[in-house]
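Participant: coords please:
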Amino acid sequence: MSTTRTVALSVLASGLLALATPLNAQSVEQDPGNGQPTEPVMIVNGEVFPTWASYTGSELFQSDGLRCQKPSRDFGSFIPPLAAATAGDCGYFSTNPTSEYAPSFVYNIPVVVHVIQRTSGTGFISASKVQSQIDILNEDFRAMAGTPGAPGTDAMIQFHLATEDPSGNPTNGITYSSNNTWYNDGGSYWNSLAWDTNRYMNVYTNSASGALGYVPDLPQGGIVGQASDRVVVLWSAFGDNAPIGPPFDKGRTLTHEVGHYLGLEHTFSGGCGSASACYSTGDLICDTPREQNPTSGCPGNKTSCSSSDPIHNYMDYSDDTCMWEFSPEQVRRMRCTLQFFRSDLDDPVVGTWDDLGGGTVGSNGTPTISGTGDLTSGSPVTVALTNAPGGAAMLAWIAFSSVPVSALGGTLYATPYTTQLIFLANGAGAFQANTNWPVGLPPATEVWFQFLVQDPSVTDGLTLSNGLKATTP
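Facilitator: Residues are numbered from 1 along each chain as shown. From the prediction side, this is the model:
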């Protein structure tokens, strides 16, 4: 069994128990055999960088804002589209984070990742690395316990690789292209590669014009639905333990850029702004402390506008390991943005629970197991059993494969089981476990559940529940 499945199963068992203006930039060859550079890794405006560390530590990287190349809002001449004017609660120039946007249900966003590599293979990202990045998004946006994002606010926004392409064909949500021009962020590649940008979040990995990442504009600027509506990330800063190395190797670049994709500004946008007009100046948010300049590194404390700066906010420029939160009002602005500007993005594909039958009849009828909830990373799920004798002892079996066998007059599906847990039914012969679906399971993963129930009134003293199969989207 893979490490991912083993860890995910342990989590499940525990739960049951309990940007851009392009620069003149190009990324160059690496030896695909050992990952070490055979030439400079990046050339930006003629400046050559022999290693990723020299690139991210350079004065050019800091002074030219290469952490993120999202363009600034134009307060002088820009006239936002009608949607931005009518959706004033999260418009281009203001926020009104009322309680109606507080998280109360989960948005599920389908993602397609377009991996663009050089013809030599530089820029290749494996499917497992792509999945690790999706997992990080969910950890951060769902503030999942036990992850770096745990201290933040649960936005109840989560992401999964698309399982169906725009034509209705099955997909793993990843495309691969080899094109040197596209790899260097040129050639309007999105016109050839984009999936319907109203229905999918399109993420591209390439040289990102010399930045770690960018979006061309906030959705409030009118880009939604255009082929160019996209998130771009430097390939070497993508996924967990990314090749770029510390301090930008923990996948927080995409978390930051998706914040922009969902309508957030940098925490330092517009400088200190106005304390009395914080919903229409600065980053348009009042519960993020005002900040004059971006944070570099991970200082113990930083003050620029008469209060401590939001150095741990995903929309600052801190090191990846220093970021761990969106504020509650940032969450409300993102959810408002989904409601008014990206209303077609929510994907109802949430996996399936299948009753396999195969149970045997006991004194209370056939013990019946059922499952409810979205089978996407971190989503709340419930597994329940009814029709058992009051106070009955039970064994719960969980399996990642199934070789059905006949047993106790029924069919045992959860075999060979990987985990066995002991429970007691309540006085009414029922049991219910509430937990979160594991993070990191690949698409179309199947998990079988079944209970063996003690029932002294039947011949063998045991009855078998029906089998239940859960399949991730």
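Participant: for residue 139, helix, strand, or coil?
Facilitator: With DSSP: H, G, I helix; E, B strand; the rest coil as the basis, residue 139 sits in helix.
Participant: contacting residues for the nearest residue to residue 138 once chain neighbours are set aside?
Facilitator: Nearest in space to residue 138, with sequence neighbours left out and distances taken as C-beta to C-beta, 6 or more residues apart in numbering, is residue 377 at 4.4 Å. For the C-beta atoms, the positions are set from N, CA and C on the backbone; glycine is no exception. Going by C-beta atoms under 8 Å, 6 or more residues apart in numbering, residue 377 touches 134, 135, 138, 142, 158, 160, 437, 438, 439, 440, 441.
Participant: Please flag which of these sit within helices.
Facilitator: Among the contacts of residue 377, the residues falling in helices (DSSP state H) are 134, 135, 138.
Participant: that older thread, could you check the pLDDT of the residue nearest to residue 138?
Facilitator: At residue 377, the predicted lDDT confidence score is 75.
Participant: again, but for residue 2
Facilitator: At residue 2, pLDDT is 49.
Participant: related to what we said a few turns ago, sec struct for the residue nearest to residue 138, please.
Facilitator: Assigned by three-state DSSP, the conformation of residue 377 is coil.
Participant: I figured residue 464 hits residue 415, correct?
Facilitator: No. In this structure residue 464 lies outside contact range of residue 415 using C-beta atoms under 8 Å: 11.1 Å.
Participant: So for those two, which residue has more residues nearby?
Facilitator: Neighbour count, other C-beta atoms under 10 Å: between residue 464 and residue 415, residue 464 has more, with 25 against 18.
Participant: Could you pick out the longest strand of this protein?
Facilitator: Secondary structure of the chain read by DSSP state E shows that its longest strand is strand 107-117.
Participant: State the distance from the residue nearest to residue 138 to residue 233.
Facilitator: 19 Å (C-beta to C-beta, to the nearest Å).
Participant: Run a quick neighbour tally on residue 275.
Facilitator: Count around residue 275 with other C-beta under 10 Å applied: 13.
Participant: Which residue lies closest in space to it, excluding its sequence neighbours?
Facilitator: Per C-beta to C-beta, 6+ apart, closest to residue 275 is residue 290, 6.7 Å.
Participant: next one: residue 468
Facilitator: residue 449 (4.4 Å).
Participant: and what of residue 173?
Facilitator: residue 161 (3.0 Å).
Participant: What is the three-state secondary structure of the residue nearest to residue 468?
Facilitator: strand.
Participant: List the residues that contact it.
Facilitator: 369, 371, 383, 396, 397, 398, 414, 467, 468, 469, 470.
Participant: between these, which is nearest residue 296?
Facilitator: Nearest to residue 296 among the contacts of residue 449 is residue 470, at 44.5 Å by C-beta to C-beta.
Participant: confidence score at the residue most central in space within the chain?
Facilitator: The residue lying closest to the centre of the chain (C-alpha atoms, centre = their mean) is residue 137, at 2.7 Å. With respect to pLDDT, residue 137 has a value of 96.
Participant: what sits against it?
Facilitator: 158, 159, 251, 254, 255, 258.
Participant: quick check: domain ranges of the chain?
Facilitator: Using automatic domain parsing, the domain ranges for the chain come out as 22-340, 352-471.
Participant: For the longest strand of the chain, give the mean pLDDT please.
Facilitator: pLDDT averaged over strand 107-117 gives 96.
Participant: From the contact counts, what lies against it?
Facilitator: helix 127-141, strand 157-161, strand 174-178, helix 180-183, strand 201-206 (3 or more C-beta pairs under 8 Å, 6 or more residues apart in numbering; DSSP states H and E).
Participant: Pick out the shakiest of the ones you listed, pLDDT-wise.
Facilitator: strand 157-161 (a mean of 91).
Participant: returning to that earlier point: can you say which of the helices and strands packed on strand 107-117 is nearest to residue 314?
Facilitator: helix 127-141 (6.6 Å).
Participant: That closest one: which residues count as buried?
Facilitator: Using 16 or more other C-beta atoms under 10 Å as the test for burial, helix 127-141 gives 127, 129-141.
Participant: what angle do it and strand 157-161 make?
Facilitator: Orientation check (axes from the mean of the first three to the mean of the last three C-alpha atoms, to 10 degrees): helix 127-141 against strand 157-161 gives 170 degrees.
Participant: okay, the angle between helix 127-141 and strand 107-117?
Facilitator: Using the same axes, to 10 degrees: helix 127-141 against strand 107-117 is 140 degrees.
Participant: just to revisit the earlier point, out of the ones in helices among the contacts of residue 377, which is nearest to residue 103?
Facilitator: residue 138 (14.2 Å).
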